[in-house]
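K.L.:
no sequence for this one, just the structure:
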Ligand SMILES: Nc1ncnc2c1ncn2[C@@H]1O[C@H](C[S@+](CC[C@H]([NH3+])C(=O)[O-])CC(=O)[O-])[C@@H](O)[C@H]1O
């Protein structure tokens with residue numbers, strides 16, 4: 001069972017306190033709906049992980065925990081096995097006491113692309129919408145954030161986050177709350193809100209932008225990363241049943257369309273700070289995610305196209321202020 005009590009205690013004393021009016025009831029309803037045999041299996045794996053505190057923790061350049069005395073071979077195998085039972089790991093990599101948890105995505109590359117361009121996170125309270133395993137939450141803490149809150153409705157990702165947290169000495173600076181953005185009250189309280197890789201999964205992208213705005217404090221900063229296409233301010237791609245084999249992709253805007261959407265939702269100082277193609281080195285099959293990955297989703301004879309014939313994944317990072 002995952003206990004959110006520490007989080008409630010932390011936010012009772014800060015600018016997120018009004019969330020307590022709805023969150024405990026919402027999470028107990030969530031637990032009733034989501035606790036099944038798979039969830040019990042995952043939480044069992046977390047329970048069997050050792051309570052361990054790193055002698056050295058680097059969250060600034062990577063997510064790396066180390067001890068002066070290395071783990072015994074048996075202990076290392078046991079932890080690897082427990083972490084493997086929480087597969088597939090999509091977002092990483094994590095280096096935990098010399099165990100290299102190499103996830104499908106090099107999420108550190110995305111972080112490297114955006115970090116030079118955003119406002120300092122020093123002392124800030126930040127929200128990561130669609131945080132997945134929580135990889136970027138730890139990097140936000142490494143960049144100085146006081147509190148990093150991730151939301152994502154998927155139970156497996158909550159368990160992955162809690163497993164990592166346990167191995168990072170039960171660190172309480174980052175928290176994962178299993179709710180969707182659409183289920184959050186309007187907190188108007190986060191200094192920085194990240195929405196990365198989520199917009200194209202939302203049926204209504206403008207509603208998504210308004211929901212993000214409702215989480216930001218006055219003049220807070222939004223960091224939005226999404227798939228984009230080439231095109232002018234009137235263009236967005238609505239793929240058919242699948243895009244790069246993903247079923248739930250609704251709108252992929254051109255860059256000028258995305259700027260237009262942000263402006264229509266009242267964001268200011270909108271900038272595009274990075275545009276890059278996703279490479280088959282950034283998203284690939286590993287021992288920790290063994291099913292098909294990007295290379296299988298591209299046209300084998302032309303990597304500039306997806307297997308369905310759409311433009312291959314290109315992503316852009318936008319920053320804007322409330
Ligand atoms: N309504 C929702 N509210 C919150 N999260 C959601 C919602 N719907 C889906 N998600 C979550 O958003 C994440 C999108 S993945 C980006 C991960 C990370 N941000 C990354 O930039 O690497 C992108 C991808 O794999 O296509 C998943 O973890 C979903 O469960």
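P.N.:
Received it, and whenever you're ready, just let me know what you need. Bear in mind the structure is a predicted one, so any value in this text is a computation, not a measurement.
K.L.:
Only C-alpha atoms from now on, for both contacts and neighbour counts.
P.N.:
Noted.
K.L.:
mind listing what the residue in the stretch 151-300 of the chain positioned nearest to the ligand touches?
P.N.:
Taking CA to the nearest ligand atom, the ligand has its nearest neighbour within the stretch 151-300 of the chain at residue 180, 3.3 Å off. Residues in contact with residue 180 (CA atoms under 8 Å, 6 or more residues apart in numbering) are 130, 151-153.
K.L.:
Ok, residue 205 next?
P.N.:
Residue 205 neighbours (CA under 8 Å, 6+ apart): 199, 251.
K.L.:
One more pass at 7 Å, please.
P.N.:
Going by CA atoms under 7 Å, 6 or more residues apart in numbering, residue 205 touches residue 199.
K.L.:
Let me know how buried residue 147 is, in neighbour terms.
P.N.:
Residues lying near residue 147 (other CA atoms under 10 Å) number 22.
K.L.:
Need the contact partners of the top strand by length along the chain.
P.N.:
Ranked by residue count under DSSP state E, the longest strand found in the chain is strand 216-228. The contact list for strand 216-228, computed with CA under 7 Å, 6+ apart, reads 188-200, 252-255, 313-322.
K.L.:
and if you look at stretch 136-145?
P.N.:
59-60, 63, 121-126, 128, 148, 150, 174.
K.L.:
wait, which of those is closest to residue 79?
P.N.:
Relative to residue 79, the closest of those is residue 63; by CA to CA it sits at 16.7 Å.
K.L.:
Spell out which residues sit in contact with that closest one, please.
P.N.:
Residue 63 neighbours (CA under 7 Å, 6+ apart): 94-95, 138.
K.L.:
where's it relative to residue 91, distance?
P.N.:
Using CA to CA, to the nearest Å, residue 63 is found at 12 Å from residue 91.
K.L.:
quick one: common contacting residues for these two?
P.N.:
Contacts common to residue 63 and residue 91, judged by CA under 7 Å, 6+ apart, are absent.
K.L.:
what about residue 61, how many neighbours?
P.N.:
Using other CA under 10 Å, residue 61 has 12 neighbouring residues.
K.L.:
Of the contacts of residue 180, which ones also sit close to the ligand?
P.N.:
Filtering the contacts of residue 180 for neighbours of the ligand using CA under 6 Å from any ligand atom leaves 130, 151-153.
K.L.:
Turn these into a markdown table, including secondary structure, neighbour count and pLDDT.
P.N.:
As requested, these are exported to a markdown table (DSSP: H, G, I helix; E, B strand; the rest coil; neighbours: other CA atoms under 10 Å; pLDDT from 0 to 100):
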| residue | secondary structure | neighbour count | pLDDT |
| --- | --- | --- | --- |
| 130 | coil | 23 | 98 |
| 151 | strand | 22 | 98 |
| 152 | coil | 21 | 98 |
| 153 | coil | 19 | 96 |
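K.L.:
okay, the residues you listed in TSV with distance to residue 220 next?
P.N.:
As requested, those are exported to TSV (distance: CA to CA, whole Å):
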residue	distance to residue 220
130	19
151	18
152	21
153	24
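K.L.:
Could you look up the next helix or strand downstream of the worst-scoring helix or strand of the chain on mean pLDDT?
P.N.:
The helix or strand of the chain with the poorest confidence is helix 23-34; it has a mean of 93 (mean pLDDT, DSSP states H and E). For helix 23-34, the following helix or strand on the C-terminal side (DSSP states H and E) is helix 37-48.
K.L.:
ok, residues contacting that next one?
P.N.:
So helix 37-48 is in contact with 1, 82, 86, 159, 163, going by CA under 7 Å, 6+ apart.
K.L.:
Can you tell me, leaving aside adjacent residues, what's nearest to the last one?
P.N.:
Leaving aside its chain neighbours, residue 163 sits nearest to residue 46 (5.3 Å; criterion: CA to CA, 6 or more residues apart in numbering).
K.L.:
tally of neighbours for the one you found?
P.N.:
27.
K.L.:
Can you show me the helices along the stretch 1-150 of the chain?
P.N.:
5-12, 23-34, 37-48, 73-84, 107-114, 135-142 (DSSP state H, counting those that start in this stretch).
K.L.:
tell me the angle of the fifth one relative to strand 216-228?
P.N.:
What it means is helix 107-114. 110 degrees (axes from the mean of the first three to the mean of the last three CA atoms, to 10 degrees).
K.L.:
pLDDT of helix 107-114, averaged?
P.N.:
With pLDDT averaged residue by residue, helix 107-114 scores 98.
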